[in-house]
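A.B. asks: Sequence and predicted structure, then a few things I'm wondering about:
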Amino acid sequence: MTCPHANRPVEATGAAADPGGVIVLDPFVTDLDGESATLRAAGPLARVELPGGVACYAITHHAEARQLLTDARLVKDITVWGAWQRGEIPLDWPLIGLANPGRSMLTVDGADHRRLRTLVAQALTVRRVERLRARIEELTADLLDRLAARELTDPADRAEPVDLKKEFAYPLPMSVVRELMGVDPADLPRLKGLYDKFFSTQTPREEVPQVIADLAVLFTRTLESKRANPGDDLTSALIAASENGDRLTDEEIVNTLRLMMTAGHETTIGLIVNAVVALSTHPEQRALVLSGEVPWENVVEETLRWSTPTSHVLFRFATEDIEVGDAVLPQGEALIVSFGAIGRDERQYGPTAGDFDITRTPNRHISFGHGPHVCPGAALARLEAGVALPALFARFPDLDLAVPVSELRNKPVVTQNDLFDLPVRLGR
């Protein structure tokens, strides 16, 4: 299969509109806020081009997104996509693993979606997630102890930057989701490397199929290990369900594990990192929460809206022409949900939509989605951030960015609001 623009050179620039009115998304994500503003201005339905020359549409306004996310005429079945039918989407496209991740609750609709989602949702109910609080608190305290011990070993280290993403925001959710799913801790370094390539727009095309295959091998090994030695984890629960008449295939279990591991750490990493950046650059908001005047829950929700961890979600496909405002999403076209743009929609949040304001009420964002495909791990991400952030700032109340915010760099990942690193000074 070939892609019309697959060999076109890529430039490290922000989003730009070509003469036909198509907004070309920046593969290097050099200005996510500016790109989101461009998308909003072109919305509610914008024509966009993803890295690799793949054309689609983006929904960029809140009200229209809520409507489309519950519209039965939009489905997850990739065979509806005209470009897929015509062989225009190459199997080595860097985003192919997100566009066609195999059979799971992310790629099916109707009864099959309810069957797969119900099994995962049973393991991630608010009540069950709350039972994880003590373990999350324990993991958080351990990571903070290690950061504090670094300073005690050498007080001069207090002036040296620490990569808070590497030392805290990444290992916390990764450890939680690993334990939840029963993944071997020895697999974590390999998983990190594979996921870095899986999400990146810059992964060489010849490596893309192997990355996807290697993830499948790793999670197949997890499945086989838990089938032989079941435990109190999600993988064992899925295996038991398949043996008790729920007709889960091994492919569905493996793809569900890959999906849950992906969603279970990437979103929470971004949420913690983005909240730290927002509070560090908005001292008046930071003072409100540190004084106890505003609860930490407000910080979590406003971060999800203002600097959402997930900038774009791929894909839904139109089974017929769908009117969106004054525009039409044509039958057979693909749609992405641009949560980065939606989160600052002035029609939903008023003229202060661009402000980070933890006193905002109401704050009815849809950063975890809406409708039948809403993120099943939303409660877990909120709990982790709700534990991690107050504990971090209680231990290091003087924590601050070690570089100007303008020097923070996004990774080349168009689906995630994901920094390379977060240099901070911990202070006392």
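C.D. replies: In hand now; what should we look at?

A.B. asks: Please enumerate the helices of the stretch 101-250 of the chain.
C.D. replies: Using DSSP state H, counting those that start in this stretch, the helices of the stretch 101-250 of the chain run over 110-123, 126-130, 133-153, 164, 171-181, 188-199, 208-228, 234-241, 250-280.

A.B. asks: Pick the most buried one from those.
C.D. replies: helix 164 (a mean of 26; mean count of other Cβ atoms under 10 Å). From N, CA and C alone the C-beta is placed, and that goes for glycine too.

A.B. asks: Quick one: mean pLDDT for that helix?
C.D. replies: Helix 164 shows a mean pLDDT of 98.

A.B. asks: ditto for stretch 189-209
C.D. replies: 93.

A.B. asks: picking up where we left off before, the helices of the stretch 101-250 of the chain into JSON lines, with extra columns for distance to residue 384?
C.D. replies: As requested, those are exported to JSON lines (distance: least, Cβ to Cβ, whole Å):
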{"stretch": "helix 110-123", "distance to residue 384": "16"}
{"stretch": "helix 126-130", "distance to residue 384": "9"}
{"stretch": "helix 133-153", "distance to residue 384": "6"}
{"stretch": "helix 164", "distance to residue 384": "15"}
{"stretch": "helix 171-181", "distance to residue 384": "6"}
{"stretch": "helix 188-199", "distance to residue 384": "17"}
{"stretch": "helix 208-228", "distance to residue 384": "21"}
{"stretch": "helix 234-241", "distance to residue 384": "16"}
{"stretch": "helix 250-280", "distance to residue 384": "5"}
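
A.B. asks: Out of those helices, which is closest to residue 90?
C.D. replies: helix 208-228 (9.0 Å; Cβ to Cβ).

A.B. asks: Provide the contact partners of the closest one at residue level.
C.D. replies: When contacts are defined by Cβ atoms under 8 Å, 6 or more residues apart in numbering, helix 208-228 is touched by residues 91-94, 96-97, 102, 181-184, 187, 190-191, 194-195, 197-198, 203, 233, 235-236, 239, 250, 253-254, 257-258, 261.

A.B. asks: Touching whatever helix or strand residue 288 lives in from outside, list them.
C.D. replies: Residue 288 is part of helix 283-290 when elements are defined by DSSP states H and E. With Cβ under 8 Å, 6+ apart as the contact definition, helix 283-290 has outside contacts at 278-280, 294-296, 298-299, 356-359, 393, 397.

A.B. asks: Only the buried residues of it, if you could.
C.D. replies: For helix 283-290, burial by neighbour count (16 or more other Cβ atoms under 10 Å) applies to 285-286, 288-290.

A.B. asks: shaky segments in the stretch 301-428 of the chain?
C.D. replies: Applying pLDDT under 70 to the stretch 301-428 of the chain flags the ranges 428.

A.B. asks: For it, which segments count as strands?
C.D. replies: Using DSSP state E, counting those that start in this stretch, the strands of the stretch 301-428 of the chain run over residues 313-318, 322-324, 327-329, 334-337, 400-401, 423-425.

A.B. asks: Tell me which of these sits most buried.
C.D. replies: strand 334-337 (a mean of 25).

A.B. asks: which helices and strands sit right next to it?
C.D. replies: Under the contact criterion of 3 or more Cβ pairs under 8 Å, 6 or more residues apart in numbering; DSSP states H and E, strand 334-337 touches strand 54-59, helix 62-68, strand 313-318.

A.B. asks: hang on, the earlier thing: looking at the buried residues of helix 283-290, spot the one nearest residue 377.
C.D. replies: Using Cβ to Cβ, the buried residues of helix 283-290 come closest to residue 377 at residue 289, 24.1 Å.

A.B. asks: now the closest one: how far from residue 356?
C.D. replies: 12 Å (Cβ to Cβ, to the nearest Å).

A.B. asks: Over to residue 252?
C.D. replies: From residue 252 to residue 356 the distance is 40 Å (Cβ to Cβ).

A.B. asks: just residue 113 next, same as before
C.D. replies: Counting by Cβ to Cβ - residue 113 and residue 356 are separated by 35 Å.

A.B. asks: Over to residue 264?
C.D. replies: 26 Å.

A.B. asks: for the stretch 101-250 of the chain, which spans come out with low pLDDT?
C.D. replies: For the stretch 101-250 of the chain, the stretches flagged by pLDDT under 70 are 123-125, 151-159, 245-246.

A.B. asks: repeat that for 50
C.D. replies: Nowhere does the stretch 101-250 of the chain drop to pLDDT under 50.
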